Structure formats: C-alpha cells, structure tokens
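>>> how would this look folded up:
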Amino acid sequence: FVAIVFYFSSYDCKDIWCYDMQENKWYKSTHKYPSDQGKTFVIKTNNDWVHFIDFTEKNHFKVKVLDLLPKSLLERFAVKFECLVYGFCKEIGQAIRNQITPLDIIKLIFEYHPLLSEISA
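This is a model prediction of the structure:
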C-alpha cells in the first residue's frame, strides 16, 4: 500500500510524497502540487485519477495515480508483479493438465499491464 501526501511547508513548497507502507519508506514524487496551499480540493476517483479542483480560481487539473509515483517505487512494484504473474501462469498451467503458459502470452501480460507499461515507457 502507498499513501500519497501533499506537503506544504511554505507557498513555494508544493511537494508530493509517497509513503510505501510495506517498506516504511518515503519517496519524493517528481510532480508538484498544482495549486496554492489550502485552496484546492483533491479527489481520487475509482478509475485511478487524482483530480485537483480549485473553485476559487476555477481550475481543474488531473493526473493518473501512477504518474505521481516515483520511478524507483514503480520499479519495486513491477518486480513483485512480475513474480505474481509467473506464479499465476504456472499455477494455471498445472491446473490444466500440466500445460506450460507460452512465454509470448506472459510477455503480452507485461506489455499491457498499466504498471509495467509505465516503467518500460
């Protein structure tokens, strides 16, 4: 699990930090909070977008949650995901009369999964 924190120490500082609860480690995002302190509402939607809505200035900005996460954190998750995919494919293959999942199918999973396609981009 990751908590995303919008940190203000002054009007100049609009940092976004990501806290990895499994590692108990903070990662600084390359993105900055898009508006002034205290004027913007932040909403995370079910389709993994974060919306920044400033009703005072009548601005709206949205970004994918994955775009807020630093690349080092995404790479760590990708390694875990890769192990899960290989394990799942092996288990499914054994359930279907000891068939081996073709490597091309596993590569397609990696190519089209949003997390892994973000890292390879």
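>>> Now the longest helix belonging to the chain: average pLDDT?
Assignment by DSSP state H gives helix 71-95 as the longest helix of the chain. Helix 71-95 shows a mean pLDDT of 78.
>>> ok, and the helix or strand in the protein with the lowest average confidence?
helix 114-120 (a mean of 55; mean pLDDT, DSSP states H and E).
>>> Next secondary structure after the longest helix of the chain?
Once the chain leaves helix 71-95, the next helix or strand it forms, by DSSP states H and E, is helix 103-112.
>>> what's that following helix packed up against?
Packing partners of helix 103-112 (3 or more Cβ pairs under 8 Å, 6 or more residues apart in numbering; DSSP states H and E): helix 71-95, helix 114-120. C-betas here are computed from N, CA, C, even on glycine.
>>> right, and those - which one's nearest Lys62?
helix 114-120 (15.9 Å; Cβ to Cβ).
>>> Who are the packing partners of the top strand by length along the chain?
Secondary structure of the chain read by DSSP state E shows that its longest strand is strand 25-32. Judged by 3+ Cβ pairs under 8 Å, 6+ apart, strand 25-32 is in contact with strand 15-20, helix 65-68.
>>> on that earlier part again, how much does the longest helix of the chain deviate in direction from helix 103-112?
Angle of helix 71-95 versus helix 103-112, following axes from the mean of the first three to the mean of the last three Cα atoms, to 10 degrees, is 150 degrees.
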